[in-house]
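Colleague: Sharing a sequence plus its predicted fold:
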Amino acid sequence: MRTNTVYAEPYPQEVRAAIYCRLSKDDDLSGPSASIQNQRELLCRYCEEQGWRVAGIFQDDGYTGLNMERPDFQRMLAAIERKMFDVVLTKDLSRLGRNYLQVGQLLEDFFPRQKVRYIALNDAVDSEVENEITPFRSLLNEMYSRDVSKKVHSSYLTKAKSGKFTGCLAPFGYRKDPEDKNHLLIDEDTAWIVRRIFEWAKNGSGPNRIRRRLEDEEIPCPAWWNRQKGLRDHVTKFERENPERGRFIWDFTAIQGILANPVYIGAIASQKVNYRFKIGWMGDKKREDWIVVEGMHEAIIDRDTYELVQEKVKSRKRPDAWGNFSLFAGLVKCGQCGSTLNIRRANQKGNERIYTCSRYNKYGVAHCSQHRIKYDTLYNIVLEQIRACARKALADEQEAAAQLRENCQADEQAEREAIQRSIDEDSERITALERIISRVYEDMIAQRISEDNFNRILENSQTEQATLKNRVMLNRERLAQQTQEQEDSTRWLEIIKDYADIQELDAVTLNRLVQKIVIHEDIDGETVRQTVEIHFNFNDKADKRRIIREK
C-alpha cells in the first residue's frame, strides 16, 4: 500500500496527533476492522472526538510486528525526534510492535524522553495513566508471535521432510507447477544455461571463469530472466551501472549456488540456515545437516556430473603468483597428510615449476615432508598412464570388457550370494520376532505371563530387531555398490579408449578422466622414493608409478 504521510505546521495551542497503523499476515486478524483503512478511520474518529489535529498518518502494510525497522514506523520516530507530534495513537499495543524488549524501550524511555503521549485505544493503554498490566500485554503480544513462528516453522519442517518445494521463486532452470506450487517443472527457456554451467565446471572451470564465459557469450543473468517472465522486478547493480551490457554479468555467488544445489539432480534440499526467533538468520547450516529428499522432480543434471562437479569445486584453487591456473589444480594430494600439493617455482631465478605439500610449506618438517615433484615429471607420468590405459582398452575392447565381467563374477558372485542369503535370513528372523512379540502380548493379556516377563521379552526382541534391520540395510547398500562398480567399469572402458593417441594434456581431459593424484614419499637417507598414484574416475583401481631421486 502506498504510504500516505501528512505533516502540518505545528501550533503550540493544539494537540498534534500521529496515527500509526500496521497489518501483517502473521497477525491472523479477521473481519473489516482489521484492515489498515479501518484502523485509520477508528483512530481519526477518536482524534476528532478529543479535538486533536491529525498531524501525521503512518502505515506499514505487510510487516511483522517483530520487525522494528518498518519504513513508516521509522519515519514516525524520526518525526517525533523533530518534535512534530504530541501524541501517538495505535489501534492496540500489538500494532506498535510485538518485540517485548523494544516496545518496552519505546514506552518506558523513548516516548517519555520526547514528551510524547502514547495511546493504544482498544487496550486502554495510556502513557499518562499508570497501568501495571501494560508490560504483560506487550509480553503476551511477543508470545503470540513466538507461537505463530513455531507453527510456521513446524509447517515448513513437515513440508521439507516430505520433499515439497517451499521457496517463493523456483530455482533458476525450473518453474513452479501451475497445478501444484510445491512441485517443480523444468523451464527449458533457462535449463540449457544450467546444463552449460555444469558442463564447464565438470571440465575444470571455476565460478569466476564460468562468469567470464557467460558474459562473453552474452547469456543474461537470472534477474533479467525473472523480469522477462514477470516474476520479479529486481535490477542488479551491474545492470544499473551498465544498462547496455549489465544483464550479461552474473553474480559470483549465483554461480556458486547453482553448482552446489542438489535440486538439479531431482532433489529438494531444505532447512539450510540456522534461524532464531526475533533475530532471524544466524548463519548457514553444514551441508550434512540439510534435509534432502531425492527424486521429487525431473533432473536437469545427471548424478555423476553433479558429484564430479562437487569434488572439483571443493578442491578448486586460486591462480598462482604469476596469475596462471595450474593444469592439475585441486587434483594433486599428499599421500601422508592428505593436503593439497601447491605449485611454485623451484627458485627465484629458475623457471622450473614444482609441486610441494601445502602442510609442509605452512608448518614445516615436524608436520609432513616436502613431497616435492617436478611439474614436467608429473605431466609426463599422467600423460603416459592415460595413453597406456587407452591402448590397453582399445587393443581388444571385447576381451577387456569380458575380462572385467569375469573378474566381477569371479570376485563378487560368491560374495553377492552370501550377502543375499544374509538378507533373506535376517528378514525371516525379523518377521519371526514380530510374530513372537504378538503371541507374547496375547499371553500377557490372557495373564499366562506376567507384565515384567513381557517387558523383558519385548525389550530383547526389539533390540535384536533393530540390529537385524540395520544389518539388512547395510547389506542392501553393499549390493547396490557392487552393481554401481560394475556399471562404472563399463563406463571407464567407453571413456578411456578415446585417448590412445593423446599428445598433450588439457584441463578438460584431466577433469574428465582423473579423480585425484596422490604423491607418496619414502625417504631413506639421501634417497627419496616416490609413488605417483593416479585415481581415475569410474575406475576404483589406482595406477601407480615409482620414482627414485636424490634428496
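Modeller: Right, received. Where do you want to start? Residues are numbered from 1 along each chain as shown.
Colleague: helix, strand or coil for Arg175?
Modeller: Secondary structure for Arg175, judged by DSSP: H, G, I helix; E, B strand; the rest coil, is strand.
Colleague: residues contacting it?
Modeller: Neighbour list for Arg175: 184-187 [criterion: Cβ atoms under 8 Å, 6 or more residues apart in numbering]. C-beta: built from backbone N, CA, C; applies to glycine.
Colleague: do that again at 7 Å, thanks
Modeller: Contacts here follow Cβ atoms under 7 Å, 6 or more residues apart in numbering; on that basis Arg175 touches 185, 187.
Colleague: pLDDT value on it, please?
Modeller: Predicted confidence (pLDDT) for Arg175: 89.
Colleague: For Gly104, what are phi and psi?
Modeller: phi -60, psi -40 (degrees, to the nearest 10).
Colleague: Past the lowest-mean-pLDDT helix or strand in the chain, which element shows up next along the chain?
Modeller: Taking mean pLDDT, DSSP states H and E as the measure, the chain has strand 280-284 as its least confident helix or strand, at a mean of 53. On the C-terminal side of strand 280-284, the closest following helix or strand by DSSP states H and E is strand 291-293.
Colleague: Lys115 and Asp61, how far apart?
Modeller: Distance, Lys115 to Asp61, using Cβ to Cβ, to the nearest Å: 29 Å.
Colleague: What of Ser24?
Modeller: In terms of Cβ to Cβ, Ser24 sits 8 Å off from Asp61.
Colleague: Looking at the two, which one has more neighbours?
Modeller: Under the neighbour definition other Cβ atoms under 10 Å, Ser24 and Asp61 were set side by side, and Ser24 has more, 21 against 15.
Colleague: For the more buried one, which non-adjacent residue is spatially closest?
Modeller: Sequence neighbours aside, Thr64 is the residue nearest to Ser24 in space, at 4.7 Å (criterion: Cβ to Cβ, 6 or more residues apart in numbering).
Colleague: quick one: pLDDT of Ile301?
Modeller: At Ile301, the pLDDT value in this model is 87.
Colleague: and if you look at the one 3 residues further on?
Modeller: If you check Asp304, the pLDDT there is 84.
Colleague: Just the element for it, please.
Modeller: helix 303-315.
Colleague: and what of Val528?
Modeller: Going by DSSP H and E, Val528 is part of strand 527-536.
Colleague: Next, the buried residues of that strand.
Modeller: 528, 530, 532, 534-536 (16 or more other Cβ atoms under 10 Å).
Colleague: just stretch 339-353 next, same as before
Modeller: Going by neighbour count (16+ other Cβ under 10 Å), the buried part of stretch 339-353 is 339-343, 353.
Colleague: Pull that stretch out as PDB, backbone CA atoms only.
Modeller: Extracted in PDB, the C-alpha atoms of stretch 339-353 (Å, rounded to 0.1, in the frame of the first residue of the first chain):
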ATOM      1  CA  SER A 339      46.800 -31.900   2.000                       C
ATOM      2  CA  THR A 340      46.800 -30.400  -1.500                       C
ATOM      3  CA  LEU A 341      50.200 -30.000  -3.200                       C
ATOM      4  CA  ASN A 342      50.700 -26.400  -4.300                       C
ATOM      5  CA  ILE A 343      52.700 -25.400  -7.400                       C
ATOM      6  CA  ARG A 344      55.600 -22.900  -7.100                       C
ATOM      7  CA  ARG A 345      58.900 -22.000  -8.700                       C
ATOM      8  CA  ALA A 346      61.900 -24.100  -7.600                       C
ATOM      9  CA  ASN A 347      63.900 -20.900  -7.000                       C
ATOM     10  CA  GLN A 348      63.600 -17.200  -7.800                       C
ATOM     11  CA  LYS A 349      65.900 -17.300 -10.800                       C
ATOM     12  CA  GLY A 350      64.800 -20.500 -12.500                       C
ATOM     13  CA  ASN A 351      61.600 -21.300 -14.400                       C
ATOM     14  CA  GLU A 352      61.200 -24.800 -13.200                       C
ATOM     15  CA  ARG A 353      57.900 -25.400 -11.500                       C
END
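Colleague: what's in contact with the helix holding Asp304?
Modeller: 198, 201-202, 204, 259, 264-265, 330, 340, 511, 537.
Colleague: Output the contacting helices and strands for the helix or strand following that helix.
Modeller: Downstream of helix 303-315, the first helix or strand assigned by DSSP H and E is strand 332-334. The elements that strand 332-334 packs onto, with contact taken as 3 or more Cβ pairs under 7 Å, 6 or more residues apart in numbering; DSSP states H and E, are strand 341-345, strand 514-524.
Colleague: thinking in terms of the whole chain, how far from its middle is strand 332-334?
Modeller: How far strand 332-334 lies from its chain's middle: 28 Å, per Cα atoms, centre = their mean, to the nearest Å.
Colleague: cool, and stretch 60-72?
Modeller: Its chain's C-alpha centre and that of stretch 60-72 lie 28 Å apart, by Cα atoms, centre = their mean.
Colleague: For it, list every residue counted as buried.
Modeller: Judged by neighbour count using 16+ other Cβ under 10 Å, the buried positions of stretch 60-72 are 60, 63-68, 70, 72.
Colleague: How far does it stretch from one end to the other?
Modeller: Length of stretch 60-72, first residue to last, Cα to Cα, to the nearest Å: 6 Å.
Colleague: And the helices in the stretch 401-550 of the chain, which stretches?
Modeller: Shown for the stretch 401-550 of the chain, the helices assigned by DSSP state H, counting those that start in this stretch span residues 451-496, 507-513.
Colleague: and those helices, which one's lowest on average pLDDT?
Modeller: Looking at the helices of the stretch 401-550 of the chain, the weakest mean confidence is helix 451-496, a mean of 72.
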